[in-house]
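K.L.:
with the sequence up front, the predicted model follows.
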Amino acid sequence: MVAGPKIDCVYLLEQLRALLAIPSPSGFTDEVVHYVAEELARLGVDVAITRRGTVMAKLAGQDRRYGRAVANHLDTIGAMVKGIKDNGRLQISPIGTWSSRFAEGGKVTVYGKHQGYRGQVLPRMASGHAFNERIDSLQVSWESVEVRLNEDTANAEQTWQLGIRPGDIVAFDPDPEFSTNGYLLSRHLDNKAGAAALLAAIKALKTQPLQPTLDLHVLFTITEEVGTGASSALPLEVEEIVGVDIGPVAPGQNAREKGVTLCAQDTSGPFDRHLTGHLRQLCRQHQIPCRMDVFRYYYSDANAALMAGHDVRDALITFGTDATHGYERTHLNSLESVARLIVAYALSPPLQLDRRDEIQRERV
């Protein structure tokens with residue numbers, strides 16, 4: 001039993017704070033993409049950005065014939081301006097799948113034509129003194145909320161003059177709080193926390209230094225929250241893909257906010273049992289606390305690659321998080337555990353020997 005390479009948790013938290021400070025709803029990811037690409041370059045990693053904005057990095061392996069991939073997404077949930085109401089407030093539509101219940105009260109920036117405008121999401125009946133119990137009659141729906149802008153606007157024309165239009169992005173403040181006992185609270189831990197853990201793993205590989213067994217392709221995708229994720233940026237030489245994402249901690253789930261949670265099956269079906277078993281064995285070998293779970297309403301970068309037709313084995317590593325797609329909470333222990341498992345995976349032997357050379361020898 002070995003503990004494995006040390007993860008720089010100070011660096012991990014620094015990266016998490018930096019990533020959370022950059023708004024990145026799906027469709028609005030340019031700034032976070034360039035930040036991650038520059039950080040990877042600073043760590044001494046070869047990096048490129050695809051046409052659409054996926055960040056691709058590669059760490060050369062001891063065996064260059066085949067490759068592995070680890071994928072994490074940088075995009076978050078958010079909203080878009082759907083219309084300007086007669087009272088000057090904004091009707092919004094969600095980006096990604098999440099409930100308006102978690103939008104209520106959220107402080108936001110609306111990115112209009114000329115600049116970003118600050119505001120807050122409120123129910124249509126927002127005054128207790130005016131509406132009393134009628135407030136509770138509102139349905140939980142995106143039709144029942146609106147954005148109040150912190151501007152002098154009381155009608156649609158005044159809001160229009162600000163340069164705000166349907167289709168403008170609405171980004172929600174993360175409002176992070178990092179407790180001294182290790183608990184991390186914020187919107188958008190999905191998947192900024194996964195990105196921070198992945199960067200910490202790469203830092204450990206580069207600074208200790210440790211060379212992966214096979215070429216390690218690292219993907220930071222930008223459309224996972226809307227379903228496409230790692231569907232189009234996977235190199236042909238990759239034979240395994242491991243997603244890094246959030247694990248829901250809730251009644252009926254086995255995920256926890258400490259250690260690693262491996263997903264055996266999500267909405268798309270079972271993950272590859274051989275690759276998942278390999279990760280589970282690495283957890284035992286490196287003394288990483290590990291749980292198995294089945295996620296009921298869930299997709300990830302890993303299955304996006306399969307749905308796009310890539311012939312790869314897939315698995316999913318997650319950090320357990322309470323109140324996913326809401327006011328999220330995880331623990332530093334879980335992010336450190338995820339980073340340790342990524343490093344162990346990069347340094348582990350191939351899942352199984354490729355039999356093509358053996359078959360060729362048999363034919364000869």
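P.N.:
Received the coordinates, thanks.
K.L.:
every contact and neighbour count from this point should use C-alpha atoms.
P.N.:
Will do.
K.L.:
buried ones in stretch 142-152?
P.N.:
When burial is assessed from 16 or more other C-alpha atoms under 10 Å, stretch 142-152 yields the following buried residues: 142, 144-149.
K.L.:
now stretch 129-145
P.N.:
Quick answer for stretch 129-145 (16+ other C-alpha under 10 Å): 142, 144-145.
K.L.:
same question, stretch 63-72
P.N.:
Applying 16+ other C-alpha under 10 Å to stretch 63-72 flags 66-72 as buried.
K.L.:
centre of the chain to it, how far?
P.N.:
Relative to its chain's centre, stretch 63-72 lies at 20 Å (C-alpha atoms, centre = their mean, to the nearest Å).
K.L.:
quick one: contacts of stretch 88-95?
P.N.:
Contact partners of stretch 88-95, identified using C-alpha atoms under 8 Å, 6 or more residues apart in numbering, comprise 25-26, 77-85, 142-143, 145-149, 153-159, 225-226.
K.L.:
columns distance to Ala315 and secondary structure on top of the buried residues of stretch 129-145, output as a markdown table?
P.N.:
Converted to a markdown table, these look like this (distance: C-alpha to C-alpha, whole Å; DSSP: H, G, I helix; E, B strand; the rest coil):
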| residue | distance to Ala315 | secondary structure |
| --- | --- | --- |
| Trp142 | 34 | helix |
| Ser144 | 39 | helix |
| Val145 | 38 | strand |
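K.L.:
what about the contacts of stretch 88-95, which are in strands?
P.N.:
78-84, 145-149 (DSSP state E).
K.L.:
so where's the protein shaky on pLDDT?
P.N.:
1-3, 352-364 (pLDDT under 70).
K.L.:
picking that back up, and which of the buried residues of stretch 63-72 is nearest to Arg340?
P.N.:
When these are ranked by distance to Arg340 (C-alpha to C-alpha), Val70 comes first, at 13.3 Å.
K.L.:
the closest one belongs to a strand?
P.N.:
Yes. Secondary structure assignment places Val70 in a strand (DSSP: H, G, I helix; E, B strand; the rest coil).
K.L.:
who's His331 bridged to?
P.N.:
With DSSP bridges as the criterion, His331 is bridged to Tyr183.
K.L.:
that should have said Gln265, apologies.
P.N.:
Counting by DSSP bridges, Gln265 forms beta bridges with Pro270, Val294.
K.L.:
and it, how far is that from Tyr299?
P.N.:
Distance, Gln265 to Tyr299, using C-alpha to C-alpha, to the nearest Å: 10 Å.
K.L.:
what's the neighbour count on Gly163?
P.N.:
Neighbour count of Gly163, defined by other C-alpha atoms under 10 Å: 15.
K.L.:
name the nearest residue to it, ignoring sequence neighbours.
P.N.:
Nearest residue to Gly163, sequence neighbours excluded (C-alpha to C-alpha, 6 or more residues apart in numbering): Lys113, at 5.0 Å.
K.L.:
which residue ranges of the stretch 101-250 of the chain form helices?
P.N.:
In the stretch 101-250 of the chain, the helices defined using DSSP state H, counting those that start in this stretch lie at 128-131, 156-161, 189-207.
K.L.:
now do the contacts for Asn333.
P.N.:
So Asn333 contacts 182, 257-259 (C-alpha under 8 Å, 6+ apart).
K.L.:
what about 10 Å?
P.N.:
Contact analysis of Asn333 by C-alpha atoms under 10 Å, 6 or more residues apart in numbering lists 9, 182-183, 257-260, 289, 319, 339.
K.L.:
filter those down to the buried ones and hand me the ChimeraX line.
P.N.:
Command for ChimeraX, covering only those of the contacts of Asn333 found buried under the criterion 16+ other C-alpha under 10 Å:
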select :9,183,257,258,259,260,289,319,339
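K.L.:
now flag whichever of the contacts of Asn333 is closest to Leu275.
P.N.:
Using C-alpha to C-alpha, Val260 comes nearest to Leu275 of the contacts of Asn333, at 15.3 Å.
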